[in-house]
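In: pasted the sequence and its predicted model underneath.
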Amino acid sequence: MRFRQLWPALVLGLLALAACAPAASQPVSPAGVVTRLGPHNDTSTPFNLVSLPALIEHRYDGRDLRLGQVIAEELAFTRYRISYRSGDLSISGVMNVPNRPGRHPVLVLAHGYADPADYGVGSGLVREQAYLAASGYVVLHVDYRNHGDSDRESAGLVAAPLGYPEDLVNAVLALKAADLPFTDTARIGYFGRSMGGGVTLNALAARPGLVDAAVLYSPVSSSAVDNFERFVPREQHPDLRDRVLDAYGSPEANPRLWREAGSRSFLDRIDVPVQIHHGAADETCPLAWSEATARGLRSAGEDVELFAYPGEPHRFDESWPTLMRRTVSFFAEHL
């Protein structure tokens with residue numbers, strides 16, 4: 001399965017993003033893993049820069065949102081290229097704007113894995129982009145760094161420190177700063193699928209209160225250990241697995257680092273309603289992962305609902321219209 005074959009080379013750069021992304025074609029060496037001193041300058045434990053504590057501590061500076069050329073004019077919405085600044089990088093994407101007058105609530109979309117070498121601007125979540133815009137939402141689809149026309153942060157395809165959650169948070173900040181005449185930035189939600197579901201959870205935990213609600217569609221696990229064990233099994237990727245364990249230690253030997261590499265231990269920071277959709281026949285990201293995330297959110301006193309869909313795989317087929325109707329109803333209630 002191509003999804004699983006491509007995963008391993010991203011692990012070292014994206015492990016703490018809890019991303020069940022496939023990998024770039026070239027390998028990544030342990031020397032490329034960026035660490036810094038942990039809290040209280042504890043030199044005994046490397047602290048991965050894409051850990052949740054680092055995301056929480058980071059200063060975000062999303063700005064300079066630019067509306068570019070019109071890509072398409074549909075009956076219900078107009079599709080534009082956009083760009084904005086995320087740290088030192090320019091991030092590309094697309095924005096679908098309803099053709100009806102007035103200000104509209106905004107949804108920021110976080111797509112799942114796509115090989116950056118093959119990815120075109122706005123090419124993720126295309127059917128979701130159109131459906132949500134036709135339902136009256138301004139839809140900003142983020143390409144992420146290293147994708148589309150976004151700046152490349154390195155010669156490779158692996159996201160470096162902070163990465164995709166930084167781009168998602170900065171998209172919201174850039175939207176609010178731009179104050180476009182057709183956006184109601186007092187009403188903003190996230191929609192994240194697969195890897196983008198993990199990115200969304202991390203962004204929610206990193207910056208509570210920034211958006212008003214979030215929907216997760218077939219998301220990755222909120223546990224970095226789950227993702228590592230599933231997508232880097234020893235029988236398939238023994239060399240990469242050994243390099244990861246040499247760099248970080250095992251979950252048993254270094255539990256703190258592994259806890260901080262996923263959002264599971266930080267779900268109490270998520271202060272907005274969350275709706276999760278997951279197929280019971282998903283062989284890429286098991287339904288049990290979303291069940292565990294939902295339990296964690298409920299235990300933290302958060303507002304969460306989980307819909308399980310019998311027979312649906314990772315990318316929904318027959319139940320997709322139901323998923324989208326529930327999504328629109330959820331956002332109509334909470335935005």
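Out: Looks like it arrived, so ask away.
In: the nearest residue to residue 176 once chain neighbours are set aside: what secondary structure?
Out: Distance criterion CB to CB, 6 or more residues apart in numbering; nearest residue to residue 176, sequence neighbours excluded, is residue 185 at 4.6 Å. All C-beta atoms are positioned from the backbone trio N, CA, C, and that covers glycine. Under DSSP: H, G, I helix; E, B strand; the rest coil, residue 185 falls in the strand class.
In: wouldn't residue 185 be in contact with residue 173 here?
Out: No. Using CB atoms under 8 Å, residue 185 is not in contact with residue 173, being 10.0 Å away.
In: in the protein, what helix or strand scores lowest on average pLDDT?
Out: strand 35-36 (a mean of 30; mean pLDDT, DSSP states H and E).
In: can you give me the neighbour number for the residue nearest to residue 176?
Out: 17 (other CB atoms under 10 Å).
In: one more: residue 179?
Out: Residues near residue 179, counting by other CB under 10 Å: 10.
In: for it, phi and psi?
Out: phi 50, psi 60 (degrees, to the nearest 10).
In: so what's the closest residue to it other than its chain neighbours up against?
Out: In this structure, residue 179 finds its nearest non-sequential neighbour in residue 185, 6.8 Å apart by CB to CB, 6+ apart. Neighbour list for residue 185: 106, 175, 176, 179 [criterion: CB atoms under 8 Å, 6 or more residues apart in numbering].
In: in JSON lines, list those along with pLDDT.
Out: What follows is these, written out as JSON lines (pLDDT from 0 to 100):
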{"residue": "106", "pLDDT": "98"}
{"residue": "175", "pLDDT": "98"}
{"residue": "176", "pLDDT": "98"}
{"residue": "179", "pLDDT": "93"}
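In: wait, which of those residues is closest to residue 284?
Out: residue 106 (28.8 Å; CB to CB).
In: contacting residues around the closest one?
Out: Here residue 106 is in contact with 137, 138, 139, 140, 175, 183, 184, 185, 187, 188, 189 (CB under 8 Å, 6+ apart).
In: wait, residue 224 sits on residue 263?
Out: No. With contact defined as CB under 8 Å, residue 224 does not reach residue 263; the gap is 9.0 Å.
In: quick one, helices of the chain?
Out: In the chain, the segments counted as helices under DSSP state H are 2-6, 11-14, 52-57, 126-134, 163-178, 195-206, 224-231, 238-248, 255-260, 287-299, 320-334.
In: tell me which of these sits nearest to residue 115.
Out: helix 2-6 (6.6 Å).
In: picking up where we left off before, most packed of the helices of the chain?
Out: helix 195-206 (a mean of 30; mean count of other CB atoms under 10 Å).
In: from the contact counts, what lies against it?
Out: helix 52-57, strand 104-110, helix 163-178, strand 183-193, strand 213-217 (3 or more CB pairs under 8 Å, 6 or more residues apart in numbering; DSSP states H and E).
In: low pLDDT regions in the stretch 101-250 of the chain?
Out: 154-161 (pLDDT under 70).
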